[in-house]
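A.B. asks: What shape does this take:
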Amino acid sequence: MEIQILLEQKIEGILGTIERPCSKHGDFDTCIVLYDLASKSEWGGAELERVNFLSKRLDISKRIFHGYRDNGRKAVDMELSDPVWLELAAAILLKMALLPQTSLPVEICLKRFNTLFKAIDLIEPEWLSSTSELREALESAWHILLGAFPMPLDNALTARRQALNVCQDNQGLTVIPLTVLFYEGPIARAYLEVIKGLGFKPQKIIELVAAKDVATKKLVGKWLPQGMRKSYAATIQRNKIHYWPKQLSKTKAGLVNGILAEVEERLGFSKGLIEHANALLPLSTYSDCVESLLVEGLSDKGLHQYLSKEPIGAILYTGGGIVPATLLAIQQLKFLHIHPGFLPDIRGADCALWSSLLTGHMSATCFYMSPGIDTGEIIHPCWLPAFSFDVDTQDVDLRSIYRIVYGFLDPWVRAFVLREIIGSDVQFDALNSVPQSEGDGTTFHFMHRRLQQAAFKRLFHFEGEI
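C.D. replies: This next block holds a predicted model:
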C-alpha cells in the first residue's frame, strides 16, 4: 500500500510540471490520455481500456507516437520524445503492472511487464534507479510473478518415432498434392526434409527470391540481366539468412549440438535428417518442379498474379513476412501455416518462448491462414514433449541463445506438427478444421530481454539475470 501511495505521489509530481495539452492527434491523443489517466488515482474500466490500448501500441512497435487512430494505426509520424511525458508514460505503465494481480491470468500479467520493460528502455528515470523504492517494488512484483508459473503439463507426451529416410535425390518419392511456398531459412529447410524423410515430395516448390537485400533492404544486382540477377539474389539471400546459424554452429557448437541432440531424442528426428536440412541442398532434391520468382516481399503484384493462375490446392507457407489479405483471398488456394504456439490460446510473436515460459512445454498448431494474427481455422494443435536440455549457457550471450533457439529448435517444433499431418492420400486443402474467434486466447508480441531470460531459464540453464 505504501508503494502505491509513493507511486501516486510521483505521478502527481510529474503532473504538476505540465499542462493539459490542447492539440489533438488522431482519435487517441497520447499526451491527453496520459494526462487524464494521471489525474485519476482510481481507474475504472474506461481508464484500463485506454492504458491497454497504449500498452499494446508500445508492445508492438517499442515506440510511442503522439496520436493513434481507433484501429490502432498511428495518426502522426511524430514519436513521443519529451522526457517528462515519457516519464509519465513509464509511471502509468508501472501503476498498471503493480495493480493487484490475484484475479488476472498470468499471461496478462506477463504482457504488462513486457510492455513496462520496453517503456523503461525508452527512458529510465532517476526514481526507477536500481536503489529506489519503486524499482525494488517493481523487481519484487516481477519475481513474485515468475514464481507463479505452473509446473510443466502433467500429460507426458511421446514423440511418434518414424523411420525417416535420408536420401540425396527425390527418386522413389511419392508426389503429394501440396505446393511449398519456399522462403529460404531453417523452417523451410526442416519442412522439406521432413516431407522427403516420410517418402514424399511436393508437387511444386515456388522459391521466393528476395529482390531486396534482407539486411539493407536495397535492391540486389539490379544491373544484372534478369536470369543472372535471380540466381545472384538467391545466393545473397541464402548466405545472409543462414549466416548466424552457420556461425553459431562453429562458435557455440556445444550449445547447438546439445539442443539438436534433444531434438533427436524428444521429437524423433534423426541426426542425418537434421544434418541434411542444414546442408542447404538444391531444391531439386525435394521436388521435380521448382520455379523461382524474384519478388519484393509477399505483397509483390507479380507473386499475386502468379498464384492466381495456380490450380485448386494447398500452399504450405514457410515464412517471408506477413501474408497480405490479397493472397489469402485467392479463392482456389488454401494457405497452410504452422504456428509455434497452441491455438487459440497462444498466438502472436515469439510464441515458442511464450509457450515454454507459461506452461513448461513448447507447442505448435497447423491451421489455415486468414487475415489477422494466427486466427484461421485450426487443423491440428499440439503440445510437444517436455525438453530436458543438458547444455551449459554460462558463457553464451542472450542474443546468441535467442538466435540458436530460432535457428535450431523452433524449426523442428513446427516440423513436428507438419509430420503429423503429412500423408500420401491427404487432400491438404480439405483437412478437418474448426474455426476460432479472435477474442479467444491471448495475442503476444515480441519478448523484452527480461522475459527472454526468464523463458531461457525455464528451457535450460541460463546464468543471465532476470
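A.B. asks: quick one: low-confidence parts of the stretch 351-466 of the chain?
C.D. replies: Counting by pLDDT under 70, the stretch 351-466 of the chain contains low-confidence residues at 424, 461-466.
A.B. asks: Tell me where it has strands.
C.D. replies: For the stretch 351-466 of the chain, the strands defined by DSSP state E, counting those that start in this stretch cover 363-368, 378-383, 442-444.
A.B. asks: do the same with the chain
C.D. replies: Along the chain, the stretches classed as strands by DSSP state E are 28-29, 67-68, 174-182, 200-210, 290-295, 313-317, 333-339, 346-348, 363-368, 378-383, 442-444.
A.B. asks: what is the mean pLDDT for the fifth one?
C.D. replies: Right, strand 290-295. In this model, strand 290-295 has an average pLDDT of 96.
A.B. asks: Could you tell me the angle between it and strand 174-182?
C.D. replies: Put simply, strand 290-295 runs at 10 degrees to strand 174-182, going by axes from the mean of the first three to the mean of the last three CA atoms, to 10 degrees.
A.B. asks: and strand 290-295, which strands flank it?
C.D. replies: strand 200-210 (parallel) (DSSP bridges).
A.B. asks: which sections of the stretch 51-200 of the chain are below the confidence cut-off?
C.D. replies: For the stretch 51-200 of the chain, the stretches flagged by pLDDT under 70 are 101-102, 150-170.
A.B. asks: hmm, 50 instead?
C.D. replies: 154-163 (pLDDT under 50).
A.B. asks: how much space between residue 277 and residue 79?
C.D. replies: For residue 277, the distance to residue 79 (CB to CB, to the nearest Å) stands at 41 Å. To be clear about C-beta, it is placed using only N, CA and C from the backbone, and glycine gets the same treatment.
A.B. asks: Pick out whichever of the two has more residues nearby.
C.D. replies: Neighbours per residue (other CB atoms under 10 Å) separate residue 277 from residue 79, with residue 277 holding more: 25 against 14.
A.B. asks: Let me see the contact set for the more buried one.
C.D. replies: 186, 189-190, 192-193, 411 (CB atoms under 8 Å, 6 or more residues apart in numbering).
A.B. asks: now, among those residues, which is nearest to residue 112?
C.D. replies: Using CB to CB, residue 411 comes nearest to residue 112 of those, at 30.6 Å.
A.B. asks: The residue most central in space within the chain - nearest residue in space that isn't next to it in sequence?
C.D. replies: With distances taken as CA atoms, centre = their mean, residue 349 lies nearest the centre of the chain, 2.6 Å away. Nearest residue to residue 349 in three dimensions, chain neighbours excluded: residue 446, at 4.8 Å (CB to CB, 6 or more residues apart in numbering).
A.B. asks: swap in residue 33?
C.D. replies: Leaving aside its sequence neighbours, residue 33 sits nearest to residue 50 (CB to CB, 6+ apart; 5.3 Å).
A.B. asks: Now residue 345. Nearest residue, chain neighbours left out?
C.D. replies: Distances taken as CB to CB, 6+ apart put residue 441 closest to residue 345, at 4.3 Å, once the chain neighbours are dropped.
A.B. asks: Test for you: state the pLDDT assigned to residue 298.
C.D. replies: The predicted local confidence for residue 298 is 95.
A.B. asks: Renumber starting at 52 from here on
C.D. replies: Renumbered: residue one is now 52, and that last one reads residue 349.
A.B. asks: Just list the residues touching it, thanks.
C.D. replies: Applying CB under 8 Å, 6+ apart, the residues near residue 349 are 259, 371-375, 378.
A.B. asks: do residue 132 as well
C.D. replies: Counting by CB under 8 Å, 6+ apart, residue 132 has no contacts.
A.B. asks: So which residues of the stretch 252-401 of the chain form helices?
C.D. replies: Taking DSSP state H, counting those that start in this stretch as the criterion, the stretch 252-401 of the chain carries its helices at 277-292, 294-302, 304-318, 322-329, 352-359, 376-379.
A.B. asks: Tell me which of those lies nearest to residue 188.
C.D. replies: helix 304-318 (35.4 Å).
A.B. asks: about what we covered before: just give me the closest of the contacts of residue 328 to residue 408.
C.D. replies: Among those, and counting by CB to CB, the member closest to residue 408 is residue 462, at 19.5 Å.
A.B. asks: Distance-wise, check that closest one relative to residue 369.
C.D. replies: Using CB to CB, we find residue 462 at a distance of 10 Å from residue 369.
A.B. asks: Residue 338 now?
C.D. replies: Counting by CB to CB, the gap from residue 338 to residue 369 is 13 Å.
A.B. asks: what residues do the two have in common as contacts?
C.D. replies: By CB under 8 Å, 6+ apart, the residues touching both residue 338 and residue 369 are residue 231.
A.B. asks: right, and the helices of the stretch 252-401 of the chain - which one's nearest residue 467?
C.D. replies: helix 304-318 (5.1 Å).
A.B. asks: tilt between that closest one and helix 322-329?
C.D. replies: Relative orientation of helix 304-318 versus helix 322-329 (the same axes, to 10 degrees): 120 degrees.
A.B. asks: So for helix 304-318, mean pLDDT?
C.D. replies: So the average pLDDT for helix 304-318 ends up being 93.
A.B. asks: Kindly export it (C-alpha atoms) in CSV.
C.D. replies: What follows is helix 304-318, C-alpha atoms only, in CSV (Å, rounded to 0.1, in the frame of the first residue of the first chain):
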residue,chain,number,x,y,z
ALA,A,304,29.0,-25.8,-31.1
GLY,A,305,28.4,-27.3,-27.6
LEU,A,306,25.1,-25.5,-27.2
VAL,A,307,23.9,-26.1,-30.7
ASN,A,308,24.8,-29.8,-30.6
GLY,A,309,23.2,-30.2,-27.2
ILE,A,310,19.9,-28.7,-28.5
LEU,A,311,19.9,-30.8,-31.6
ALA,A,312,20.6,-34.0,-29.6
GLU,A,313,17.5,-33.2,-27.6
VAL,A,314,15.5,-32.6,-30.8
GLU,A,315,16.6,-36.1,-31.9
GLU,A,316,15.7,-37.7,-28.6
ARG,A,317,12.4,-35.9,-27.8
LEU,A,318,11.0,-35.2,-31.2
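A.B. asks: so what does that helix touch, helix or strand wise?
C.D. replies: helix 294-302, helix 322-329, helix 449-459, helix 461-472 (3 or more CB pairs under 8 Å, 6 or more residues apart in numbering; DSSP states H and E).
A.B. asks: give me that answer again for 7 Å
C.D. replies: The contact analysis (3 or more CB pairs under 7 Å, 6 or more residues apart in numbering; DSSP states H and E) places helix 304-318 against helix 322-329, helix 449-459, helix 461-472.
A.B. asks: If you count neighbours, what's buried in the longest one?
C.D. replies: If you call a residue buried by 16 or more other CB atoms under 10 Å, then helix 461-472 has these buried ones: 461-470.
A.B. asks: Redo the residues you listed as JSON lines? Include distance to residue 443.
C.D. replies: Shown next, in JSON lines, are the buried residues of helix 461-472 (distance: CB to CB, whole Å):
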{"residue": "461", "distance to residue 443": "21"}
{"residue": "462", "distance to residue 443": "23"}
{"residue": "463", "distance to residue 443": "21"}
{"residue": "464", "distance to residue 443": "22"}
{"residue": "465", "distance to residue 443": "26"}
{"residue": "466", "distance to residue 443": "26"}
{"residue": "467", "distance to residue 443": "25"}
{"residue": "468", "distance to residue 443": "29"}
{"residue": "469", "distance to residue 443": "31"}
{"residue": "470", "distance to residue 443": "30"}
